[in-house]
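J.: This is a predicted model, with the sequence first.
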Amino acid sequence: MKKFVYQVKGFEFVDTDAFGIAWEQAKAKAAELHCPIFRLVIKDDKVRQEVYYNGGLFNSIKFMSENNVKVF
């Protein structure tokens, strides 16, 4: 089972549903703080680091730039 840990400026929201309650909480906090949302995807002891992009999707942080990350 995958675990999703959304990170917003020191706040963390955890869920097993990719776009469940934790996602909604992270969006609200990011809008309040006007910042991007990062997440860790954890499965079978493997951790993937992602950020939410302007195109409306999460992808690896290695593609991240100031111009392509969604600021809520």
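T.: All right, it came through fine. Numbers count the residues shown, from 1 in each chain.

J.: Leaving aside the residues adjacent along the chain, what's closest to Phe63?
T.: Counting by C-beta to C-beta, 6 or more residues apart in numbering, Phe63 lies nearest to Tyr53, which is 7.7 Å off, once chain neighbours are set aside. The C-beta positions use only the backbone N, C-alpha and C, and glycine is treated the same way.

J.: so how far is the strand of greatest length in the chain off the chain centroid?
T.: Determined from DSSP state E, the single longest strand within the chain is strand 46-53. Averaging C-alpha positions (C-alpha atoms, centre = their mean, to the nearest Å) puts strand 46-53 7 Å from its chain's average.

J.: Which SSE is immediately downstream of that strand?
T.: Heading C-terminal from strand 46-53, the first helix or strand you meet, by DSSP states H and E, is strand 57-60.

J.: Parallel or antiparallel, which strands does that following strand pair with?
T.: Strand partners for strand 57-60, identified by DSSP bridges, are recorded as strand 46-53 (antiparallel).

J.: Quick check: buried residues in the partner strand?
T.: Buried residues in strand 46-53, counted by 16 or more other C-beta atoms under 10 Å: 50-53.
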